[in-house]
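Asks: With the input below, show me the fold.
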Amino acid sequence: PVVLYEELGHVAVFTLNRPAARNAINGKVSARFEALLTAFERNSDMWVGVVASSHPDVFCAGADLKAINAMERVFSWKGGFAGMVQFPRTKPLIAAVDGKALAGGCEIVLACDLVVASHKAVFGLPEVKRSLVAGAGGLFRLPQRLPRQVAMEMLLTGDPIMASRAKELGFVNELVEPGSSRDAALALAGRIVQNAPVAVREAKVCADRMQLMSDDDAFNESNRALVKLFMTPDFREGPRAFLEKREPRWTGR
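Replies: Next up is the predicted model:
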């Protein structure tokens, strides 16, 4: 499969798997990734996802130019580029980057909620060097994740930044040794799945929606999330587990 899928407890791992093509995105990758994300969102036992690569030096090189030249559609209908940059998710995704994430590859990372990268990771949007723009989310997501001046330098020059610089700027959550980004991402996912899964989903959804809201609208969204949580069995399990001095047994429902 062009995207591998594995379930490890409550964590789903999506692995881009076109190493001979440097994981370039074509129609098959987008369709496969969208189908996997659809199943992931519907599966109440899957709480967090990790996006990784089977290539030792490249996370994703972007769109498959051979496919584009052959007039092949590299977007999926629901998820857009790679089947995921526009996918309406409620569950967090962690990018595990151990190499180059350029153009559409960087936009896949930008579509994730957290980033774990090794020291050899590189992030860049070189589209302007090809008389293009980063149309799969990069134009607006990069300035959201980085200081505007840095984001504009990357967008206008097309020059990349190394993982160490990305970590300094807050783009990367955790910087690790080469070859260990997947394991570190799984460890981060493990910290997340210790928490009430519905609460995690609501926190993600609210944070995504609130970015451009007024304070009043944001408070209304917060209240909506709280009311929803009040109706779940996990809302009662959290305080009960604390009082009984034991680990909570989350249902995720």
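Asks: where exactly do the helices run in the stretch 101-250 of the chain?
Replies: Using DSSP state H, counting those that start in this stretch, the helices assigned to the stretch 101-250 of the chain run over residues 104-111, 138-145, 148-157, 163-168, 181-192, 197-210, 215-230, 233-243.
Asks: Turn those into a markdown table, columns for mean pLDDT and mean neighbour count.
Replies: In short, each C-beta sits where N, CA and C put it, glycine included. Conversion of the helices of the stretch 101-250 of the chain to a markdown table gives the following (pLDDT from 0 to 100; neighbours: other Cβ atoms under 10 Å):
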| stretch | mean pLDDT | mean neighbour count |
| --- | --- | --- |
| helix 104-111 | 97 | 28 |
| helix 138-145 | 95 | 17 |
| helix 148-157 | 97 | 15 |
| helix 163-168 | 97 | 18 |
| helix 181-192 | 98 | 20 |
| helix 197-210 | 93 | 18 |
| helix 215-230 | 83 | 13 |
| helix 233-243 | 80 | 13 |
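Asks: With distance to residue 132 added, can I get those in CSV?
Replies: Listed next are these as CSV, based on distance: least, Cβ to Cβ, whole Å:
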stretch, distance to residue 132
helix 104-111, 10
helix 138-145, 10
helix 148-157, 11
helix 163-168, 22
helix 181-192, 28
helix 197-210, 26
helix 215-230, 35
helix 233-243, 45
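Asks: I'd like to know which of those helices lies nearest to residue 48.
Replies: Proximity to residue 48 (Cβ to Cβ) singles out helix 181-192 among these, at 4.4 Å.
Asks: Now do that closest one: distance to the chain's middle.
Replies: Put simply, helix 181-192 sits 13 Å off its chain's centre (Cα atoms, centre = their mean, to the nearest Å).
Asks: what does stretch 18-33 give?
Replies: Distance of stretch 18-33 from the chain centroid (Cα atoms, centre = their mean) equals 17 Å.
Asks: Same check on stretch 23-36?
Replies: 15 Å.
Asks: ok, now stretch 128-142?
Replies: Between the centre of stretch 128-142 and the centre of its chain there are 18 Å (Cα atoms, centre = their mean).
Asks: what's the span of it, first residue to last?
Replies: Using Cα to Cα, to the nearest Å, one end of stretch 128-142 lies 15 Å from the other.
Asks: Give me the contacts around that stretch.
Replies: Stretch 128-142 is contacted from outside by 80-82, 85-86, 103-104, 106-107, 110-111, 125, 127, 151, 154-158, using Cβ atoms under 8 Å, 6 or more residues apart in numbering.
Asks: How about the contacts made by the residue nearest in space to the middle of the chain?
Replies: What sits nearest the mean C-alpha location of the chain, by Cα atoms, centre = their mean, is residue 112, with 1.6 Å. Residue 112 sits next to 51, 93-95 when contact means Cβ under 8 Å, 6+ apart.
Asks: Equivalent analysis for residue 89, please.
Replies: Contacts of residue 89 (Cβ under 8 Å, 6+ apart): 37, 41, 204.
Asks: thought the first one was touching residue 82?
Replies: Which is residue 37. No - contact criterion Cβ atoms under 8 Å: residue 37 and residue 82 do not qualify, at 10.0 Å.
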